[in-house]
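1. The following block contains a protein sequence and its predicted model.
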Amino acid sequence: MRRPVPRPDDGGVTEIITGLSMSPPEFLAVLGALALVVARWLPPAARPRVTVAAVAVLVLATAVLGVVGLRWQLLPVLAGAALALPFALAPLLRRLRRIHRFAADPATDPGDPAAPGRPGWRARWWLALPGSAACVGLIAAGPVAAWAFPVPVFPEPSGPFAVGTRVVQWTDPQRPETFTADPDDRRTVVVQLWYPARKSPADAPRAQYLGRTEQEARTVSDALAHGVGLPGFLVDGVPRARTHAVFNAPVSGGDERFPVVLFSPGAGGVRTQNTAWAEELASHGYVVAGLDHPYDSAAVVLDDGRTIRTATTSSGDRDTDEQLAAGWTAVRAADLGFALTQLENLDRSGSSDPLAGRLDTGKVAATGHSMGGAAALQAARQDPRIDAVIDLDGFPHGPTTPALHQPVLALTQAVTPGTDPRYLPRLTEALALDTATGYRLTVPGAAHLTFMDGPLYLPPVPQIVGSLGRTASPHLVAATTLAFLDTTLRHAPGDLAGTLSAYGSLSVHRPDGHP
């Protein structure tokens, strides 16, 4: 029986309000800084108490952040507070001096401006207003920056299983590494597995995003930022994130066998770039194997500590780049086939691996984002062990023959004047030649990065991550692909076309040529 698949409008109901994407100490620092600015405009009697309280809150919050880690987004907040501090403290210090003078000489002339009963000099409001506005602007820049570049918060997986994860490294002794000149170098892939697991204790540490360790996560994060021309500090919140999976958690009990979903990231992408999606699939009983492709992925940290960075670069010439992309896609397709072979070996009886006997390698989908989607299509053409394909907005690089024999789901953004004019004809050709039913779902409001974790931590600019929102984007990708996988791998009954069409404009390509 098909599990219920949430409809698109559920996203508004389940939307997680993350506010300004700030931690409690960061929020307190903002409040303390604002209070310093406001203190100047309060009546004289209230001013000292507010100033002291604001300074205390600001110092405490900054001390906590100094221990847990200060994000760059707080720097303008602290700068605004530093500018406001002298003006907020000056009246308080003058008041203290007057009290001290009066205590030392009770005969002080009450008409003296230094007498304790008279207010000290303050700048006229029209002189103080620009300075206060500048301080407020600096302080407000902090929450805005935190909202634009947050620490990603991953959606809670909705399936009945908890999620475990682990990382393995496999070397293919039969395949030379074509990216190096060393004749003895053999192709190595790093694979992260997300799988249905037993429920872990509530205090069990959750897996680091982007890497096994914080250092690996920072290495990968910096490489991803560099790949798109951004300074690494802008996304310093990303390696701080924790996911919902638990490293090396025990596999779910029972004897159920889980279908396998292979995943190839986009060009310069990494195995973890679709973690939210992978965790959601694993919670519904799939084993997801996400691949790092060395010399193609932004940064791959090997077991021996070496870091392999991308060696693929564009030439700027469209035809040359297409030839290059076709070659890189072929390497990726071979990586997917090799990973499937390793998973078959891992599953065989006699294997001591915790997943032995739990992988249903007779039900396999190849999936990928961008160039990874092209690799999934090529892998399916070459490997009859693959039963279904998901292409997440991927240009079909490489040959369109032989014909596909597996059902395909292609999720795409809407065509714009900037879309490569060859994209839709190539994708349509691939689906038209398929001997199984193919589906192309055009998602309104989607951008290229909608189909990975980018909406969770990149600025919500429609041209970058689409306009669906940080919660709705991963929800849509997971819901549509789960419906497709349940139908094609588990043969669940139901109206797949009807389910998919609720999320966008659907084109169905049937092998008999009829719509």
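-> Sure, I can see it.
2. So residue 442 versus residue 504, what's the distance?
-> The gap separating residue 442 from residue 504 is 5 Å, by Cβ to Cβ, to the nearest Å. Bear in mind the C-beta positions are built from the backbone N, C-alpha and C, glycine included.
3. Between those two, tell me which one has more neighbours.
-> A count of neighbours by other Cβ atoms under 10 Å puts residue 504 above the other of residue 442 and residue 504, at 20 against 17.
4. dump the residue contacts of that one.
-> Taking Cβ atoms under 8 Å, 6 or more residues apart in numbering, we find residue 504 in contact with 441-444, 446.
5. out of those residues, which is most surrounded?
-> residue 446 (26 neighbours).
6. what's it sitting at in phi/psi?
-> Phi and psi for residue 446, reported as degrees, to the nearest 10, are phi -90, psi 150.
7. That one against residue 466, yeah?
-> Yes: at 4.6 Å, residue 446 counts as touching residue 466 under the criterion of Cβ atoms under 8 Å.
8. Name the residues that touch stretch 174-185?
-> Under the contact criterion Cβ under 8 Å, 6+ apart, stretch 174-185 has outside partners 186-188, 294-295, 311, 331, 334, 338.
9. So the nearest residue to residue 456 once chain neighbours are set aside: helix, strand or coil?
-> Distance criterion Cβ to Cβ, 6 or more residues apart in numbering; nearest residue to residue 456, sequence neighbours excluded, is residue 152 at 3.9 Å. What DSSP: H, G, I helix; E, B strand; the rest coil gives for residue 152 is coil.
10. Overlap of the contact sets of residue 446 and residue 466?
-> Common neighbours of residue 446 and residue 466 (Cβ under 8 Å, 6+ apart) are 413, 473.
11. And the spatially most central residue of the chain, its phi and psi?
-> Central residue of the chain (Cα atoms, centre = their mean): residue 453, 3.2 Å from the mean position. Backbone geometry at residue 453, expressed as degrees, to the nearest 10, gives phi -80, psi -10.
12. Could you measure from it over to residue 271?
-> Distance from residue 453 to residue 271, by Cβ to Cβ: 12 Å.
13. go on, residue 361?
-> 20 Å.
14. More neighbours: which of these two?
-> For the pair residue 361 and residue 271, the greater number of neighbours falls to residue 271 (27 against 19), based on other Cβ under 10 Å.
15. Name the helix or strand for that one, please.
-> Assigned by DSSP states H and E, residue 271 falls within no helix or strand.
16. contacting residues around it?
-> Residues in contact with residue 271 (Cβ under 8 Å, 6+ apart) are 190-192, 263, 265, 290-292, 297.
17. again, only using 7 Å
-> 190-192, 265, 290-292 (Cβ atoms under 7 Å, 6 or more residues apart in numbering).
18. Residue 328 too?
-> By Cβ under 7 Å, 6+ apart, the contact list for residue 328 reads 296, 312, 371.
19. Check for me that it belongs to a strand.
-> No: read with three-state DSSP, residue 328 is helix and lies in no strand.
20. which parts of stretch 249-267 are buried?
-> Across stretch 249-267, burial judged by 16 or more other Cβ atoms under 10 Å covers 249, 251-252, 257-267.
21. Among those residues, list the two that are farthest apart in space.
-> The largest separation in the buried residues of stretch 249-267, counting by Cβ to Cβ, is between 252 and 267 at 34.2 Å.
22. Now for the chain: which strand has the highest residue count?
-> strand 162-176 (DSSP state E).
23. I figured residue 474 was touching residue 154, is that so?
-> No: Residue 474 is beyond contact range of residue 154, at 8.1 Å (criterion: Cβ atoms under 7 Å).
24. Between these two, which contacts overlap?
-> In contact with both residue 474 and residue 154: residue 276, using Cβ under 7 Å, 6+ apart.
25. Looking at the two, which has the bigger crowd around it?
-> More crowded of residue 474 and residue 154, by other Cβ under 10 Å: residue 474, with 27 against 19.
26. ok so, going back, contacts only, for the residue nearest to the centre of the chain.
-> 152, 273-276.
27. now the residues you listed as a markdown table including neighbour count, secondary structure and distance to residue 479?
-> Conversion of the contacts of residue 453 to a markdown table gives the following (neighbours: other Cβ atoms under 10 Å; DSSP: H, G, I helix; E, B strand; the rest coil; distance: Cβ to Cβ, whole Å):
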| residue | neighbour count | secondary structure | distance to residue 479 |
| --- | --- | --- | --- |
| 152 | 25 | coil | 20 |
| 273 | 27 | coil | 19 |
| 274 | 30 | coil | 14 |
| 275 | 29 | helix | 17 |
| 276 | 25 | helix | 12 |
